[in-house]
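sequence-free structure coming up:
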């Protein structure tokens, strides 16, 4: 009987119910898309770094563990020192440079032979390796997003390059240039930002890291195994990202709370006489509260389902429009977003439900 009455109440006010459900859907979509975009980009970066094939990363003193935020502060001759360390079979110096033209991305200046010695050669979908200093190799995601092909002209870091190869994604950056070209462009001739090491056995990574730290002059270098670096790449370890996600969730909860509060409070005022009739028929305060809260939960459920559908549709749209962006919507975050939405909706309905339960039946029946 109660369920039938609750459904009738929701259907009787379709516009208000729809607005409430859509507001909760927006709340869920905001959480899932923003968090999915942040974690998707982070996960994509981790996957591409893992695809390089290196076992150990060596960074100059004072550099951040976030790829691309360093310049080119140390000599590439450090690679010769690292090659002499036991268990090291290949070393590749890389110059990283951040580009903010259009989107923020990290450009790699590489020595192609040593870079390919880490995890195997590039898989070329079109074209081939560098032929000159003004050549550039891009991955397939970037090529699809920007509609470029072998022979296309591409402006990067205020310099025109010719696309000579399109490779399968997942080998570090999305754009690769000759290391000497990038060194000259950033005024860091003969220097590198990071050194990738390939070992005879990944299990020797910690031993190699300890040996590098014992080399005179390299005590303060950042030396990490790839597995250690991957474990650090979480939303909790990146500066400001977890705070940003918390702010997004807070804004989303406020949206759900305000809309549900307004909708349910107005509904209680409009149904004063109805509440009086229920009380005159013996309905307890708990029964009235339960009616209001269950009605809220029904609208919240509809909003959560809509929000999940909106989020999946938005994620698919982003993938089609911006192929280089990854949106990762996990079952865990779907559950979290749903619980947050339900909590916000119930919080917004508590006072209206309490207000309805406190109404005097005599005054309610006399209400016009």
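Yes, it's here. Predicted, not measured: the structure shown is a model, and the values here were computed from it. Numbering: from 1, shown residues only.

Now for this structure, the helix or strand with the poorest mean pLDDT.
Using mean pLDDT, DSSP states H and E, the weakest-scoring helix or strand in the chain turns out to be helix 361-365, at a mean of 50.

And the strands in the stretch 51-200 of the chain, which stretches?
According to DSSP state E, counting those that start in this stretch, the stretch 51-200 of the chain carries its strands in the segments 56-59, 74-75, 88-99, 105-110, 124-127, 135-139, 153-156, 159-167, 175-178, 191-192, 194-199.

Serialize those strands to TSV and add fields for distance to residue 81, mean pLDDT and mean neighbour count.
Backbone N, C-alpha and C define where each C-beta goes, glycine included. Formatted as TSV, these follow (distance: least, Cβ to Cβ, whole Å; pLDDT from 0 to 100; neighbours: other Cβ atoms under 10 Å):
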stretch	distance to residue 81	mean pLDDT	mean neighbour count
strand 56-59	10	90	25
strand 74-75	10	86	20
strand 88-99	9	89	22
strand 105-110	19	87	22
strand 124-127	32	94	16
strand 135-139	28	94	24
strand 153-156	31	88	14
strand 159-167	30	93	19
strand 175-178	23	94	24
strand 191-192	12	90	24
strand 194-199	10	93	24
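
Under the pLDDT cut-off, which ranges of the protein? List them.
1-14, 62-72, 100-104, 233-240, 264-265, 267-283, 285, 288, 353, 355-368 (pLDDT under 70).

Can you give me the domain boundaries for it?
Split into domains by automatic domain parsing, the chain comes to 2-44+240-365, 61-220.

and the end-to-end length of the shortest one?
Same thing as domain 61-220. Counting by Cα to Cα, to the nearest Å, you get 5 Å between the two ends of domain 61-220.

Pretty sure residue 92 sits against residue 114.
Yes - Residue 92 is within contact range of residue 114, at 4.0 Å (criterion: Cβ atoms under 8 Å).

which residues do those two both contact?
residue 79 (Cβ atoms under 8 Å, 6 or more residues apart in numbering).

where along the stretch 201-350 of the chain do the strands fall?
222-225.

Nearest to residue 38, out of the strands of the stretch 51-200 of the chain?
Evaluated over these, closeness to residue 38 peaks at strand 105-110, with 16.1 Å, by Cβ to Cβ.

In its sheet, which strands sit next to that closest one, and in what direction?
strand 88-99 (antiparallel), strand 175-178 (parallel) (DSSP bridges).

residues in contact with the shortest one?
Right, strand 175-178. Contacts for strand 175-178 (Cβ under 8 Å, 6+ apart): 105, 107-112, 115, 130, 133, 135-139, 142, 156, 161.

how close does residue 96 sit to residue 342?
44 Å (Cβ to Cβ, to the nearest Å).

just to revisit the earlier point, take the strands paired with strand 105-110 and write them to CSV, including distance to residue 250.
What follows is those, written out as CSV (distance: least, Cβ to Cβ, whole Å):
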stretch, distance to residue 250
strand 88-99, 30
strand 175-178, 37
